[in-house]
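Peer 1: I'll drop the sequence and a predicted model, then ask my questions.
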Amino acid sequence: MESTVAQRLEAIHNLQLIDSKLDAILKVRGALPEEVQDLEDEIAGYETRLQKFNSEIESFEDSIKALKESIKDSEKLIKKYQEQQMNVRNNREYDAITKELELQDLEIQVAKKKIAEAGLKIDQKKHDLNELNEVMKDRQKDLDQKKNELSTIVAESENEEGKLNAEREKAVKKIEERLLKSYAKIRENAKNGLAVVMVKRGACGGCFNTVPPQRQADIREKKKLIVCEHCGRILAGVEDEIEEEPTPKKKRTSRSA
Ligand SMILES: [Zn+2]
């Protein structure tokens, strides 16, 4: 079904009114949704680092365990060698066992040194981990607070937002694809989110530049879609000037409607 220009203008203007209301709702939420997202990302990053620290600590602990085992093995060998040394038949055997004993003793010393080093590394990691935990707790507090704020604000406008979105869905169906696309494009480029405006007091309601009288007349006719020459916004109509309260200075003049 073909719709007239007037109908198309009415439909797109209706969509603009709905979108402006939705914009106002989102504006109240401000940067909160983004801030919540940023904090969530930040905390997720900390959690990854925390896991890394924990697995590093674990691997140091594992190596300490292994080193302690090897010390036990060396001690067993030493005991065995010492017993053998009691029963040597000559000096050559005695010297050979002495060398083995020295070697195992050295192994124990190296292992002990490595255990001490790993212990220091674990302490350092645990220190870093605690610091990270503190930072995380702080951020989590921020996040909880911001989430609360946001959910309060969202709760206040949830119903209205739902209604507007439903209205929007209906409104969009009445507008052809091509017009919707240019509407979206104009809106994207407009700071105030206005793609469809009225001419008010002889000026574009979007950029406030004057709209020449002849153009205003064309807009009133609604024979074709007319956009503002300055900002490109769709001009949906000309708002008739509302009669102002008579000021005390002026004498009241009778005007025809
Ligand atoms: Zn304009």
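Peer 2: Yep, that arrived.
Peer 1: in the chain, which spans are helices?
Peer 2: Assigned by DSSP state H, the chain shows helices spanning 5-29, 32-86, 91-173, 177-189, 213-221.
Peer 1: looking at those helices, which is closest to the ion?
Peer 2: Closest of those to the ion is helix 177-189, at 10.3 Å (criterion: CB to the ion). Placement of C-beta: from N, CA and C, glycine included.
Peer 1: in the closest one, what's buried?
Peer 2: For helix 177-189, a neighbour-count test (16 or more other CB atoms under 10 Å) marks L179, Y183, I186, R187 as buried.
Peer 1: Same list, those, but as JSON lines with pLDDT and distance to the ion please.
Peer 2: JSON lines is the format used below for the buried residues of helix 177-189 (pLDDT from 0 to 100; distance: CB to the ion, whole Å):
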{"residue": "L179", "pLDDT": "95", "distance to the ion": "18"}
{"residue": "Y183", "pLDDT": "97", "distance to the ion": "15"}
{"residue": "I186", "pLDDT": "96", "distance to the ion": "10"}
{"residue": "R187", "pLDDT": "95", "distance to the ion": "14"}
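Peer 1: Contacts for stretch 46-64, please.
Peer 2: Here stretch 46-64 makes contact (CB atoms under 8 Å, 6 or more residues apart in numbering) with 114-115, 118-119, 121-122, 125-126, 128-129, 132-133, 135-136, 139.
Peer 1: Got a PyMOL select line for the buried ones in the residues you listed?
Peer 2: To isolate the buried subset of these in PyMOL, counting by 16+ other CB under 10 Å, use the following:
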select buried, resi 115+118+122+125+129+136+139
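Peer 1: Max pairwise distance over the contacts of stretch 46-64: which two?
Peer 2: Maximum pairwise distance in the contacts of stretch 46-64, criterion CB to CB, is 36.7 Å, between K114 and R139.
Peer 1: Now D105: closest residue in space, sequence neighbours ignored.
Peer 2: I78 (7.1 Å; CB to CB, 6 or more residues apart in numbering).
Peer 1: and the stretch 101-250 of the chain, which of its residues are near the ion?
Peer 2: By the rule CB under 5 Å from the ion, the part of the stretch 101-250 of the chain lying against the ion is C204, G206, C207, C228, H230, C231.
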